[in-house]
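J.: need coordinates for the below:
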Amino acid sequence: MLYRNYIGGVVFHKDKVFMIQNEKFEWILPRVRIDEFGHSKNIYVDLFWQYFKMEIALKEHIGDSVYEFYSVSREVPMCNTVIWYEAKTLEESFTLTKVKGRENAGFYEVKDALEKLTYTQERKILKESLKDKNSADKAII
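T.: Residues are numbered from 1 along each chain as shown. A predicted model of the protein is given here:
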């Protein structure tokens, strides 16, 4: 099995959440692979700026998810682990850098995001972040 590690964020701007549409046209929450960097919240903030030109502040850890699947292209079982944080940005503007895996992106009302998100685990993470959203305005980085 091939293991990959990610840090992901539920990134809010006011009452909207940032989502990405990948090359499979699936709507997902933004995440970055951290295998070569180690688990660092600062790496996520830096890579988020590099990929989207958006400044974010990470807040609380809101959960983890594990995706196990078989990769037809690699012909090997895969396991992706994502460590999720709530994040906030002060501006709704971003620049989508053209790299594989990022075809479209935008901020969406939460109810629309819950309908668009492809994976049940990510809908659960978004719902979990909403529980603490109003009381979690202090950055931990």
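J.: same for the lowest-mean-pLDDT helix or strand in the chain, what does it pack against?
T.: Lowest by mean pLDDT, DSSP states H and E among the helices and strands of the chain is helix 41-52, with a mean of 84. If contacts are counted by 3 or more C-beta pairs under 8 Å, 6 or more residues apart in numbering; DSSP states H and E, helix 41-52 sits against strand 2-13, strand 31-33, strand 57-71, strand 76-88. Where you see a C-beta, it was placed from the backbone N, CA and C, and this is true even at glycine.
J.: apply 10 Å and report the result again.
T.: Helix 41-52 makes packing contacts with strand 2-13, strand 16-21, strand 31-33, strand 57-71, strand 76-88 when contacts are defined by 3 or more C-beta pairs under 10 Å, 6 or more residues apart in numbering; DSSP states H and E.
J.: count the neighbours of Glu103 for me.
T.: 14 (other C-beta atoms under 10 Å).
J.: ditto for Lys59
T.: Using other C-beta under 10 Å, Lys59 has 23 neighbouring residues.
J.: do Met1 as well
T.: Neighbour number of Met1 under other C-beta under 10 Å is 8.
J.: residues in contact with it?
T.: Shown in contact with Met1 (C-beta atoms under 10 Å, 6 or more residues apart in numbering): Glu68, Tyr70, Val76, Pro77, Met78, Cys79.
J.: now which of these would you call buried?
T.: Among the contacts of Met1, not one counts as buried by 16 or more other C-beta atoms under 10 Å.
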